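[1] using only what follows, build the 3D model:
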Amino acid sequence: MPFYIGEACVDEMDKSCTEECPVDCIYEGDRKLYINPSECIDCGACETVCPVEAISSTLRGTPDTEWVADNAAFFTETLPGRAAALGNPGGSRRTGALGVDTAKVTSLESRV
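    Predicted structure coming up:
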């Protein structure tokens, strides 16, 4: 997974990245957006339009392993209120806003 969304997105969710993503692999939680590592084609279009610089690449510099894991967890772990892990639904337009976040994001103090 070369691209992931970090802490700067929490309580911001500008969503410019979702409009730019050609494969619809950026999903909306309650307080943060998440890139599906299995659906991302590594084009980098999302990274260039993020106004809060929340999107990073694991291929440049030292990735923040906590946020890389957090992005993956959104798709592989069963989140609160859901019967199963999200997995690879084939695009966020199919799911819409999910209204739930990972335990890591949920544990952060609100910035609003």
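
[2] ranges for the strands of this structure?
    3-5, 26-28, 33-35, 55-57 (DSSP state E).

[3] can you list these in CSV and add mean pLDDT and mean neighbour count?
    Placement of C-beta: from N, CA and C, glycine included. Listed next are the strands of the chain as CSV, based on pLDDT from 0 to 100; neighbours: other C-beta atoms under 10 Å:
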stretch, mean pLDDT, mean neighbour count
strand 3-5, 96, 26
strand 26-28, 98, 22
strand 33-35, 98, 25
strand 55-57, 95, 19
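
[4] columns distance to residue 20 on top of the ones you listed, output as TSV?
    Listed next are the strands of the chain as TSV, based on distance: least, C-beta to C-beta, whole Å:
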stretch	distance to residue 20
strand 3-5	12
strand 26-28	9
strand 33-35	12
strand 55-57	10
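
[5] out of these, which is closest to residue 68?
    Nearest to residue 68 among the strands of the chain is strand 3-5 (4.9 Å), distances taken as C-beta to C-beta.

[6] what about the protein, any weak spots by pLDDT?
    For the chain, the stretches with pLDDT under 70 are 1.

[7] now what about the longest helix along it, what contacts it?
    What stands out as the longest helix in the chain, according to DSSP state H, is helix 65-76. Applying C-beta atoms under 8 Å, 6 or more residues apart in numbering, the set of residues contacting helix 65-76 from outside is 1, 4-7, 27, 29, 34-38, 56, 58, 85-88, 101-105.

[8] measure the residue in the chain sticking out farthest from the centre to residue 94 for me?
    Most distant residue from the mean C-alpha position of the chain: residue 83, 20.0 Å away (C-alpha atoms, centre = their mean). Note on residue 83: its distance to residue 94, by C-beta to C-beta, to the nearest Å, is 17 Å.

[9] no further queries at this time; thank you.
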